[in-house]
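**Student:** Any chance you can model this:
(chains A and B)
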2 protein chains.
Amino acid sequence: MNLYHNLAALLGQRIEQGLYLPGQRLPSVRTLSMEHGVSLSTVQQAYRVLEDQGLAVPRPKSGYFVASGWRQMPLPRTCRPAQRPVEVGQWDLLLKQMRSTPRADVQYLGGGTPDIGAPTLKPLFSALTRISRRHDPAMLRYDNIQGLSDLRQQVVRLLVDSDCQLHPDEIVITTGCHEALSTAVRTLCKPGEIVAVESPGFHGIMQTLNGAGVQAVEIPVDPITGISLEALELALEQWPIKAILVTPTCNNPLGFNMPEERKRKLLRLAQRFDVAVIEDDIYGDLAYGYPRPRSIKSMDQEGRVLLCSSFSKTLAPGLRVGWIAPGRYLEQVLHMKYIGTGATSTQPQMALAEFIAAGHYHPHLRRVRSQYKRNLERVSGWLSHYLPTSAGISQPQGGFLLWIELAEEIDALRLNEHLGSRGYEFAVGNIFSAAGKYRNCLRLNYALLQGNTMESAIKALGHELKDASLA
Amino acid sequence: MNLYHNLAALLGQRIEQGLYLPGQRLPSVRTLSMEHGVSLSTVQQAYRVLEDQGLAVPRPKSGYFVASGWRQMPLPRTCRPAQRPVEVGQWDLLLKQMRSTPRADVQYLGGGTPDIGAPTLKPLFSALTRISRRHDPAMLRYDNIQGLSDLRQQVVRLLVDSDCQLHPDEIVITTGCHEALSTAVRTLCKPGEIVAVESPGFHGIMQTLNGAGVQAVEIPVDPITGISLEALELALEQWPIKAILVTPTCNNPLGFNMPEERKRKLLRLAQRFDVAVIEDDIYGDLAYGYPRPRSIKSMDQEGRVLLCSSFSKTLAPGLRVGWIAPGRYLEQVLHMKYIGTGATSTQPQMALAEFIAAGHYHPHLRRVRSQYKRNLERVSGWLSHYLPTSAGISQPQGGFLLWIELAEEIDALRLNEHLGSRGYEFAVGNIFSAAGKYRNCLRLNYALLQGNTMESAIKALGHELKDASLA
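**Tutor:** Take a look at the predicted model:
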């Protein structure tokens, strides 16, 4: 780590230890510069890191303050999953959840849907209307299996934000990130082979492995810095792993941004053991800091990284438009794409290409990013107010998902049932593990606070946790 | 076969042998009734079969006539593919074809796109416009992975046409028939396992097997009655086949409707050997006869048949909306669907549900069906006029695809290149076989005749065939 990262880590630690309380003023730039013998700009960079982590907020002409409502609650602990390949389970639970008809009397606060009511999405509706109204026959035709050329050009433009320089021919449009991920897994692995995954990790990824008959080695994840490179290295030494599958930016469910240097190290590990990297970047553009973090793909010179993403989190999931930049695996990925769905639905691709070309993507991003960041501060306040101090809470650096680790004896599934009768539901933790760990964890979506709903839900959660019958 | 089928077969044979020429009057119903000692209604039923086959046309108050322009050209021969499991090849060829940018100076007459310019599709554009204009947030949300409930209800209503009685909960909406088929194959088979397929058969099906690492046993297909049940039985006895994959109604590429009794026998074979049946019915609603033929699914009492279909051939492929009725495999299919694409794009589903509910589906079907049937008569006339008499031509009973078998020494790939320089291209035969057979065959799409284009293309084809350098 360089100077400013060291300083940021030190200050962060002090905030988390409660040396500086929420709302309190932090030491001035000049003081820190003198105290640590570093330049003023190094201190400023350190503060910018803390700002990105949501720990510090600047106030014009007054310096930096600890983010108000920011908690002194502990982070979720780094889990120690069994470091051997396992078959992915939990499908029954997930299926039950996904097939159940949404109950009008229950607010589901655990899903992965962003704010689709934002006024900055209006131009997207307009684009869809425009295309339908001009009776454009192109929208009814089979499109190229690689995806609409106009849209691929726009995707390549957006990828520059994460320092990725790609050509439209290196992009394959997919039916959401799901198709990108399963296409990648099926391209790289035969049944019985092994993929290293983050633990906890996105349940869609876990089920993709299950569906492809591929085994998972769960690698522990630090809630701030991401996948443990030491544990990953050990696993790579021990098992014939085919690919490393990570969500290193605005991670789901933990919300961390893996530091750039650690992303680089992960890539070097992949090179050393000659395995592919599947990088899920679906929340990446929702990072709270500017510029958004680099992707691992942007550091890849050999086509080893398959970047998977979509507009499902940044714009709207119902469009089902994602993409994969598969590097050296382009031809195999096209094969998997062809047999999976043929082409991707044409009209949403056309509408997205028009929406982005007209400059509507970044204004929308700016709007929802600051909304999610604001929501996070309020939600953090409620959590620290209503939840027992033993609860561990993640510190998202982007996106709109929060991970809650409860006391070990809590069964989140039963807790969720109790909450259901009060009208709220979260996502239960065990679907985020191949082996069904995290039974005492919940995931919460704070994209929308819905008036008093979110606060009431967290209050209800706190009430339930006082009930001893959950253990 | 019953009486009227026997009589129809006899009359059909006579027409094909040239005993009655195109445009000539066929024996009256009364004459045939006396000659064969059968009732008047039996003769009328026989004539209706011939009508469905496109061999005879009724003229009000004048009786039946041989369809004008109808050819005495031979049928394509039933092929004898090697009856052992093989790995599916031909992907390189198909990929090259699908990635090549369409050339403005070449008319591609081999694809699978229906007439998407029909005015009866206008209400579909209107539905899409309406939904976008009312800024319905439902269209941006994740839908149920099983698919929009309104659309599943409409699909179930349409399935009654093929005598299928299903509940909306037995349907899973997919991203086109591609996803339905690959979901079915992946549900039933592990890599290395074996599926019996029609030969020739749809290239998407072949590649689905390839992508899933599944081997294919190619079963010979009769150009009128479909898959050889004798050869299928032999294969089932000899190999551990997991599933039978057929397109028994309006077959692609041959256009036959497998007789109902043979469909029943196929199902009994599947029962006897306890294997699943994947029934591709994507062209089924485009059968020229009324009522449309029953599906194998409609005869299935055990949930053994996985019916796969979509709106890609009946309405428009760019919508990417299909479905699967997976019988007893529902839960596994939902798993595969979930990891494949999550949900299916929402807005097209909403628009289709509105389009069908408002009664626009059947008028469109009636229109395009009679258009395709008319086109077939004209195309058949041109083929018999311009092609050498040795060429075998299929006799489609629905859909808009025609299969042309050329002299054995013709290399259709080279032929197609020559035609390309004249501005036309067909689909080459070898992608319709796992082992790359049918190098001397072409598939032609007659959904649209495009002014003089189709006649000119067939004329050019005839010219090229006189060129000895193709062998």
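**Student:** Low-confidence stretches in chain A?
**Tutor:** Residues of chain A meeting the criterion pLDDT under 70: A:1, A:17-18, A:69-72, A:101-102, A:468-471.
**Student:** can you list the domains in it?
**Tutor:** A:3-66, A:91-117+A:363-470, A:122-359 (automatic domain parsing).
**Student:** Out of these, which gets nearest to B:Ala138?
**Tutor:** domain A:122-359 (7.5 Å; CB to CB). Using the backbone N, CA and C atoms, a C-beta is placed for each residue, glycine as well.
**Student:** Can you tell me which of the domains of chain A is most buried?
**Tutor:** Neighbour counts (mean count of other CB atoms under 10 Å in any protein chain shown) averaged over each of these peak at domain A:122-359, with a mean of 22.
**Student:** what's the span of that one, first residue to last?
**Tutor:** Domain A:122-359 has an end-to-end distance of 13 Å (CA to CA, to the nearest Å).
**Student:** ditto for stretch A:212-226
**Tutor:** 25 Å.
**Student:** residues contacting A:Val305?
**Tutor:** A:Leu267, A:Ala270, A:Ala276, A:Val277, A:Ile278, A:Glu279, A:Ser295, A:Ile296, A:Lys297, A:Gly327 (CB atoms under 8 Å, 6 or more residues apart in numbering or on different chains).
**Student:** Surely the third one is in contact with A:Arg304?
**Tutor:** This means A:Ala276. Yes. Using CB atoms under 8 Å, A:Ala276 makes contact with A:Arg304 at a distance of 5.7 Å.
**Student:** what sits in contact with each of the two?
**Tutor:** Here A:Ala276 and A:Arg304 have A:Ala270 as joint contacts, going by CB under 8 Å, 6+ apart.
**Student:** any idea how far the closest residue to A:Thr389 other than its chain neighbours lies from A:Leu406?
**Tutor:** Residue nearest to A:Thr389 in three dimensions, not counting chain neighbours: A:Met73, with 6.6 Å by CB to CB, 6 or more residues apart in numbering or on different chains. From A:Met73 over to A:Leu406 the distance is 12 Å, taken as CB to CB, to the nearest Å.
**Student:** shared neighbours of those two, anything?
**Tutor:** Counting by CB under 8 Å, 6+ apart, the residues touching both A:Met73 and A:Leu406 are A:Ala391.
**Student:** immediately after the helix or strand containing A:Ser421, which helix or strand?
**Tutor:** Using DSSP states H and E, A:Ser421 falls within helix A:412-422. Next helix or strand after helix A:412-422 toward the C-terminus (DSSP H and E): strand A:424-425.
**Student:** Can you give the strand pairings for that next one, parallel or anti for each?
**Tutor:** strand A:107-108 (parallel) (DSSP bridges).
**Student:** can you list contacts of the partner strand?
**Tutor:** A:Pro102, A:Gly423, A:Tyr424, A:Glu425, A:Gln450, A:Thr453, A:Ala457.
**Student:** and with 10 Å instead?
**Tutor:** A:97, A:100, A:102, A:419-420, A:422-427, A:445, A:450, A:453-454, A:456-457 (CB atoms under 10 Å, 6 or more residues apart in numbering or on different chains).
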